[in-house]
Each structure stands twice: as structure tokens, then as C-alpha cells.
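Student: this one's sequence-less:
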């Protein structure tokens, strides 16, 4: 289903998120992990090589993205919207130079990043006060367990 804003998507998600937590289907440990740039980087074209600092398990693209968004050093470049249901990239050039090139290999381009967002099911808000922001019903600030429900579709 497509939503016209991140707020609409968040409303639709409220019941699902509560149900998952009440039934203990997920714990925060399911998705927690801090990126460690010294251990590896993610490949825009394929699998992610960046590893969870605690378990040595490769992080998924959404996990890496959440780590980027939660890094205070990036808050003037890419940040959560106040409600925490969507994020916005405010400075594309700085995002590519300072963030993508740190977390992804192959001199990543902004268009490659947005294609990967699309493959992971993120939706870009095209109108309204949140225009240009990206959201996904399973991607919310500090809700690491919820991002485990995200899947990547084939690039073809």
C-alpha cells in the first residue's frame, strides 16, 4: 500500500508494532548492532559486508542506514524527521562525500543509494511538508527490531 505521508504510514503501523511487541515475536537484540567502518563496508550492488560489532553478522542495508541516521556527526546531512517515522537528506553532496563513501564502497553515487532505497521498499514523499523525505513502515527511529521485517526485492 502507498501512503501520502510518513504520518499516514505510521498510523497504519501502530497496531502491527504493538502486536509484535505484545506477542514477543521480536526483541531489540534481533536488530541491534553498531556499524564498525574498520570491519568492512557495504556494497551498493550486492550484499552488505559491514558487520554487527557484537556478533560478526553482516548488517543489512536498513541496519546500516539506521546506524548512519543515529550518528550525531551526520545530523546536518541526513536526519530523522521529528516524529521519527521518516528521514531527510538535506545536503546531497556532503552525504555522498562524507557518509556514502564511509559506509559503502565503489565510490557510491546518490542515484545508486536511492535505487537501493527503492529495492528495500522505501517510499519518497512527493508532496506536502515532508516532501523529499523517505519512509518505510518498518523503519523507525530507535526501533531496531522492526527493521528485521524489511526485505530487499530483486534489482531486475
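Tutor: It's in. On a predicted model such as this, the values are computed, not experimentally measured, just so you know. Numbering: from 1, shown residues only.
Student: just for this protein, where's the confidence low?
Tutor: Scanning the chain for pLDDT under 70 picks out the ranges 1-55, 106, 155-156.
Student: show me where it has strands.
Tutor: 78-80, 86-89, 123-124, 134-135 (DSSP state E).
Student: can you say which of these is packed in most?
Tutor: strand 134-135 (a mean of 24; mean count of other C-beta atoms under 10 Å). (Each C-beta comes from the backbone N, C-alpha and C, glycine too.)
Student: partners of that strand in the sheet?
Tutor: The pairing partners recorded for strand 134-135 under DSSP bridges are strand 86-89 (antiparallel), strand 123-124 (antiparallel).
Student: nearest to residue 133, of those?
Tutor: Across the strands paired with strand 134-135, residue 133 has its closest neighbour in strand 86-89 (4.3 Å, C-beta to C-beta).
Student: what does that closest one contact?
Tutor: 6, 69, 77-81, 95, 125, 130, 132-135 (C-beta atoms under 8 Å, 6 or more residues apart in numbering).
Student: repeat that for 7 Å
Tutor: By C-beta atoms under 7 Å, 6 or more residues apart in numbering, the surrounding residues in contact with strand 86-89 are 6, 69, 78-81, 95, 125, 130, 132-135.
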